[in-house]
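Participant: model this:
(chains A, B and C)
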Amino acid sequence: MNKNTLTVFTAFLISTILFGTESFAQDYIVPEDVQVNVDFVWTLLAAFLVFFMQAGFAMLESGFTRAKSAANVILKNLMDFSLGSLAYWGIGFGIMFGISETGWLGTTGFFFSDFSIDKDPWLFAFWMFQVVFAATATTIVSGAMAERTKFIGYLLYSVVISAIIYPVFGSWAWGSLYKGSGWLEAMGFIDFAGSTVVHSVGGWAALAGAIVLGPRIGKFNKDGSVNPIPGHNLPLAALGVFILWFGWYGFNAGSTTAASKDIALIAVNTTLAASAGAVFAMITTWVKFGKPDTSIILNGALAGLVGITAGCSNLSPFFAVITGSISGSLVVFSDLFFERIGVDDPVGAVSVHGVAGAWGTLAAGLFNSADMFNPETVGVQFIGIAAAFIWVFPTTFIMFKIIDKTAGLRVSPQEEVQGLDYSEHGSTSYPDFSITNLGS
Amino acid sequence: MNKNTLTVFTAFLISTILFGTESFAQDYIVPEDVQVNVDFVWTLLAAFLVFFMQAGFAMLESGFTRAKSAANVILKNLMDFSLGSLAYWGIGFGIMFGISETGWLGTTGFFFSDFSIDKDPWLFAFWMFQVVFAATATTIVSGAMAERTKFIGYLLYSVVISAIIYPVFGSWAWGSLYKGSGWLEAMGFIDFAGSTVVHSVGGWAALAGAIVLGPRIGKFNKDGSVNPIPGHNLPLAALGVFILWFGWYGFNAGSTTAASKDIALIAVNTTLAASAGAVFAMITTWVKFGKPDTSIILNGALAGLVGITAGCSNLSPFFAVITGSISGSLVVFSDLFFERIGVDDPVGAVSVHGVAGAWGTLAAGLFNSADMFNPETVGVQFIGIAAAFIWVFPTTFIMFKIIDKTAGLRVSPQEEVQGLDYSEHGSTSYPDFSITNLGS
Amino acid sequence: MNKNTLTVFTAFLISTILFGTESFAQDYIVPEDVQVNVDFVWTLLAAFLVFFMQAGFAMLESGFTRAKSAANVILKNLMDFSLGSLAYWGIGFGIMFGISETGWLGTTGFFFSDFSIDKDPWLFAFWMFQVVFAATATTIVSGAMAERTKFIGYLLYSVVISAIIYPVFGSWAWGSLYKGSGWLEAMGFIDFAGSTVVHSVGGWAALAGAIVLGPRIGKFNKDGSVNPIPGHNLPLAALGVFILWFGWYGFNAGSTTAASKDIALIAVNTTLAASAGAVFAMITTWVKFGKPDTSIILNGALAGLVGITAGCSNLSPFFAVITGSISGSLVVFSDLFFERIGVDDPVGAVSVHGVAGAWGTLAAGLFNSADMFNPETVGVQFIGIAAAFIWVFPTTFIMFKIIDKTAGLRVSPQEEVQGLDYSEHGSTSYPDFSITNLGS
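Facilitator: Numbering: from 1, shown residues only, chains lettered A, B, ... in the order given. Prediction:
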């Protein structure tokens, strides 16, 4: 019996003796009821913040690419959320959080069926929080594939990842809402808010997409040297970073899905790691290139955020700073590496989400406050990191190949040169302005 | 007597017997106190989110119109909120929520008078939530009247709608804070968060404004054919849509004005309807025009949001998807209809807010989970929908005519061609950029 | 003994007698626990909103300055937050809220040391709320120093103000987290959310910076007449204002750092004062210059917000309107004054934050609901206002002079003409657009 109920019952007994019977139980509120209401409020507000990250991705990716495709990439962000949330409602959520007998995927709860919703409105709150996470993983890919991907091909991808690829991995690491638990979480894998589950999954899918597509026209010369293609609107990209950082507080602290004191340390770690990521990206570019590079600093802050996502609740602030600092430096070298091997990732999504996500997951094991530098914990983290790559990269690679051969993945060279805003949607983003490099 | 108080009192009695008297009652917290605090937190945070929708409207309307009037329409958004909140403080709130003896309008509570505020700080929380709703209805109109409305004329309009036109209808459908209730709510009219009360009211006022003003110079040829006037900054407009969607979670879920489990279903329905709206607007334009149109998809998401606003708390997720899907398609045809009859609505506000608001209000009756397809319920919904049009369209039409004859509603053709930023405010929005169509 | 505990204990005694002993205490929730959780949720969500103000400052300052330095000022905003939060973690928080034996500065708690964090996670929540305040004070300065300040010089400044100058003053007015209290708060100084502590401190540092730097090339002619240098992107600046207003609800209402009914009046006062600020700035410019000026109206809304910050919890709504109205007018004349004495403040930060902050602090004493127009209270307010100027202006003036002589504070004339985006960071903000005034 609930202890408050016991108190009330005891008091009721005494009251009855003292005052006679009363209609006692009707609209009584016990503290547990209030706590549940606060949990709903917190989880939903956090979900709204994570939703807003879609705006951040859209502005970041649009700002980091060219004016002639500025609206197309935003539309991809909007539509992958829209299609993705319908797909996650219909299929993905059941795979990720439905009853999993095997530990490999859930098989119940499609279209909100099977769950007794009337008895458990928490399901809706939990779904709301999860759908915005699925959408984050999905939308990461749009940036790496920007400026050359057919709209229809991208839409198909976004349904498949939201319905199947993301939820399957999610069920391994997080899927224990009802009966059964994923095999990775059963091993003790630490990924509190999704450095691997969300960001690396998105990052490796982005890598597969960028490879299958090939680079934008003009990005690489025949001798392998690189032509930088600068983003058309850095203030817009910076706005995206601020929005992402803001929304990330919901992403990390909201992952408690409960209103508790724990959210404070998470917020502090998120702040310090993002700050350290920006600072060390700045220092690294300053030392390496002679100037603090705008785009890389912006990505450094994001890398700090991605890096702390796994360990935001189990690291001390000091190690949050360390984790973020390394994330910020890492992204500089990672970007150069992928460019050198011929991958054209216009916004740096693979480095920021894939690589910093892997590092952050490792850091969550290495710097685990409860048991630092425990080789067993670190080993499990490696297994999780590897499992993400092994699951996501091949499946998305094959998927993009299939889309390429069927609906088509890449626009024609003429359409690409013209810009995707006009060729795919029949309008341009900035009709009142003189655009100087439409032909490039 | 409050039951917790009873418990405490009983415990106090026993405690007194066992331990002697203590200063017992002073800073004691019962669960009801905490619940009230959470209700304040939730209602105010939701209000802040709804406030932020002003930024969404401003960016949307600016992005969907021309560079030469980009700041003017934003200033109208800012000033209608600023003047409107003062007018709602002074007059509107009293009309909408003051004591209504007749069911037709409140007559107390102007300037926070009459309400015993010291005893009821909830009034401030409730006002805060209501003022941002009033501002939403008001600001919808600015988009439909963009690029040709005199600043002074718009300011006059915004005071009248915030102080009188919106609150009067609001008092019919929602006005039962204190004594008395509106005639529409007494009939059982369902409009949980304001598809009709806020959005259709704004939409029909926008229609009246666009008709009284007439189309922008160059929009229609003498033979009635249409010259599209594309928006000058689609990324900005898209940012507006993301901000609006984000804020809409406060708009719909916050309309509980209480922290409870009910907010979860509302958030889910809002998400699914908006997604479905975007998807079906995309499909409709793709089929009809051969390409998925950027601006229409953005408006489709908004139409989905407007559509679910009335029924967000009483529809199942499945019917939220249906409601949003129809909203998204409807807005395409509605836009074409208004263009065909010669109404120049630069941002599509009449279709998104007026038409989708009416449809959503109907859907809230049709798909009411508790009692689906009940003709009586549907009948009441029709009465509410009609009442909004019959009240708002004529009164705002007359008001705009009066403003036109007195302070002036439309700028001169020279000022319109020059752009309202310079002619009305003496500065341009983008002085460092080459603007190509200033003369068009 | 906690009263709920007493109740529970009493009930436990009775229960034990009636039902025998049970494992009673384990996961029991008392209302106080829930209240604490809500306090965490409220304080952290408010902190996230205040963090988002960084985006507002970035967009405002970028929009109000020229395209050729659009990203540089945003990067300064980002880096002053990033470096500043690390500095505040290491040093500033300890100075501001560590144990202050003298009332002049705290001397414990650096790098979260000394505080027993495991026992008090509230410390993290409180730090999170405070670090975003420190960052606000810091970032105000970037606007006044825009378009001519060396990046390295600005970084040095941002560390010094976050680590020392802001926290020292903060410890005088607010610093009583643990033992000891600041001398100003001991006198009864009223500055609820920081009109002086945050905004005037930032404003006077901005004034010192603008004076030490000198005006931008071309701002003033040899005869002292002024060449206006218009902002390059007014929609972006307006977006900044909306974001700031949105975040300000967290700034003011969150300053309760507790979920209570008090937050409602604060939100109402914030809304009305900002609205009145915009309206009176509009009226003032309309009367004075013949047209309602875009930039000044935007700054008027901000001035209203700054003005109400000190008195948002102790003024009635009517006096919030008065305070905001005067703030909005004041900023027009203050801007003209500083321009006339040769200070080039590209975004008006000194007037908006310094001057309106001082006025708001005075208003919080004058219009104090509990005891209106009490000369003693007003006197203390004057002391606080003066103390801020006397502490901040000289120390920052000297600091900027030292930076100027060592790392360098101002870029070369060639770099300034070229624009700071390219000269400091090697890239331009809008490479796809024709920029018309790069040379000006």
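Participant: And the residue nearest the centre of chain A?
Facilitator: Central residue of chain A (Cα atoms, centre = their mean): A:Thr136, 3.8 Å from the mean position.
Participant: Would you agree it is in contact with A:Gly202?
Facilitator: Yes. Applying Cβ atoms under 8 Å as the test, A:Thr136 and A:Gly202 come out as touching, 7.0 Å apart. All C-beta atoms are positioned from the backbone trio N, CA, C, and that covers glycine.
Participant: just to revisit the earlier point, helix, strand, or coil at the residue nearest to the centre of chain A?
Facilitator: helix (DSSP: H, G, I helix; E, B strand; the rest coil).
Participant: Now for the residue lying closest to it once chain neighbours are set aside: which residues touch it?
Facilitator: Excluding the flanking residues, the one nearest A:Thr136 by Cβ to Cβ, 6 or more residues apart in numbering or on different chains is A:Val198, at 5.4 Å. Going by Cβ atoms under 8 Å, 6 or more residues apart in numbering or on different chains, A:Val198 touches A:133, A:136-137, A:166, A:309, A:357.
Participant: Residues of the stretch 301-440 of chain A that sit close to chain C?
Facilitator: With the criterion set to Cβ under 8 Å from any Cβ of the partner chain, the stretch 301-440 of chain A comes near chain C through A:301, A:317-318, A:321, A:430, A:433-437.
Participant: okay, the angle between the lengthiest helix in chain A and helix B:31-63?
Facilitator: Across chain A, the longest stretch assigned as helix under DSSP state H is helix A:31-63. Helix A:31-63 runs at 20 degrees relative to helix B:31-63, counting by axes from the mean of the first three to the mean of the last three Cα atoms, to 10 degrees.
Participant: helices or strands next to helix A:31-63 in the packing?
Facilitator: Applying 3 or more Cβ pairs under 8 Å, 6 or more residues apart in numbering or on different chains; DSSP states H and E, we find helix A:31-63 packed against helix A:70-87, helix A:122-144, helix A:234-253, helix B:31-63, helix B:234-253, helix B:262-289, helix C:31-63.
Participant: The shortest one vs chain B: in contact?
Facilitator: I take that to be helix A:70-87. Yes. Judged by Cβ under 8 Å from any Cβ, helix A:70-87 and chain B are in contact via A:70-71, A:74-75, A:78-79, A:81-83, A:85-86.
Participant: buried subset of the residues you listed?
Facilitator: A:70-71, A:74-75, A:78-79, A:81-83, A:85-86 (16 or more other Cβ atoms under 10 Å in any protein chain shown).
Participant: Look up how far A:Val50 lies from A:Ala87.
Facilitator: 18 Å (Cβ to Cβ, to the nearest Å).
Participant: swap in A:Ile297?
Facilitator: Taking Cβ to Cβ, one finds A:Ile297 at 24 Å from A:Val50.
Participant: Looking at the stretch 51-200 of chain A, what residue ends up closest to chain C?
Facilitator: A:Ala67 (3.9 Å; Cβ to the nearest Cβ).
Participant: I'd say that residue and C:Asp432 touch.
Facilitator: Yes. The criterion here is Cβ under 8 Å, and A:Ala67 meets it with C:Asp432 at 3.9 Å.
Participant: In terms of packing, which of those two has more residues around it?
Facilitator: A:Ala67 (25 against 22; other Cβ atoms under 10 Å in any protein chain shown).
Participant: is it true that A:Ala46 touches A:Phe126?
Facilitator: No. The pair A:Ala46 / A:Phe126 is not scored as a contact, 11.6 Å apart, by Cβ under 8 Å.
Participant: what residues are shared contacts of the two?
Facilitator: With Cβ under 8 Å, 6+ apart, A:Ala46 and A:Phe126 have common neighbours A:Thr257.
Participant: Could you check which of these two has the larger neighbour count?
Facilitator: Using other Cβ under 10 Å, the more surrounded residue of A:Ala46 and A:Phe126 is A:Ala46, with 28 against 19.
Participant: show me where pLDDT drops low in chain A?
Facilitator: A:1-27, A:114-119, A:176-180, A:437-440 (pLDDT under 70).
Participant: Spatially, what comes nearest to A:Gly419 if we skip its sequence neighbours?
Facilitator: Closest to A:Gly419 by Cβ to Cβ, 6+ apart is A:Lys68, at 2.5 Å.
Participant: A:Glu424 is in contact with that neighbour, correct?
Facilitator: No. Counting by Cβ under 8 Å, A:Lys68 stays clear of A:Glu424, with 11.0 Å between them.
Participant: residue in the stretch 201-350 of chain A nearest to chain B?
Facilitator: For the stretch 201-350 of chain A, Cβ to the nearest Cβ, closest residue to chain B: A:Leu236, 6.1 Å.
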